[in-house]
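**Student:** Next one to model:
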Amino acid sequence: MRAITSLALAIAGMVNALAQSQSKDVVVQGVGRHPCSLFAQEYRDNPLLTEGLYYNWAIGFMSGYNSSLAEQNNLSNQKNLVGRDLKYQLTFLRNHCLSGSSEYYVQAVKALYDDLPYLK
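**Tutor:** Predicted coordinates for the structure are as follows:
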């Protein structure tokens, strides 16, 4: 039953993202567009699924940002995405959103990115 609930949550999130993307211009797509309050609600309901889904989006976003810096020959500003361990990164994002922040998840990810060390 838990697997069905998890699958239903994932599908609902994808359908919601697709519907939103067709309704207006979009700069950020996926769960990064969700307010931290929604992350907090989903985290209370299913912490493992929520944290896994959101973190996968976060690491993709940060990887894309690093790649865009490389394409601009801005290598000195690239961050080491494993410069802090996984537990630290998950805790940082969770605490940022569970603090009652009115920000969006993408803003929590940007704060984490800023907190990571630069590549050497």
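**Student:** where does this structure have low pLDDT?
**Tutor:** In the predicted model of the chain, residues 1-23 satisfy pLDDT under 70.
**Student:** let's see 90
**Tutor:** Low-confidence segments of the chain, defined by pLDDT under 90: 1-27, 75, 100-101, 120.
**Student:** Look up how far residue 113 lies from the residue positioned nearest the centre of the chain.
**Tutor:** Residue closest to the average C-alpha location in the chain (Cα atoms, centre = their mean): residue 58, at 3.2 Å. As for residue 58, its distance to residue 113 is 9 Å (criterion: Cβ to Cβ, to the nearest Å). The C-beta positions use only the backbone N, C-alpha and C, and glycine is treated the same way.
**Student:** before we move on, the earlier item: now do the buried residues in the host helix or strand of the residue nearest to the centre of the chain.
**Tutor:** Using DSSP states H and E, residue 58 sits within helix 47-71. For helix 47-71, burial by neighbour count (16 or more other Cβ atoms under 10 Å) applies to 49-51, 53-55, 57-59, 61-62, 65-66, 69.
**Student:** which residues make contact with stretch 83-94 from outside it?
**Tutor:** 43, 51, 54-55, 58, 105, 108-109, 111-112, 115-117 (Cβ atoms under 8 Å, 6 or more residues apart in numbering).
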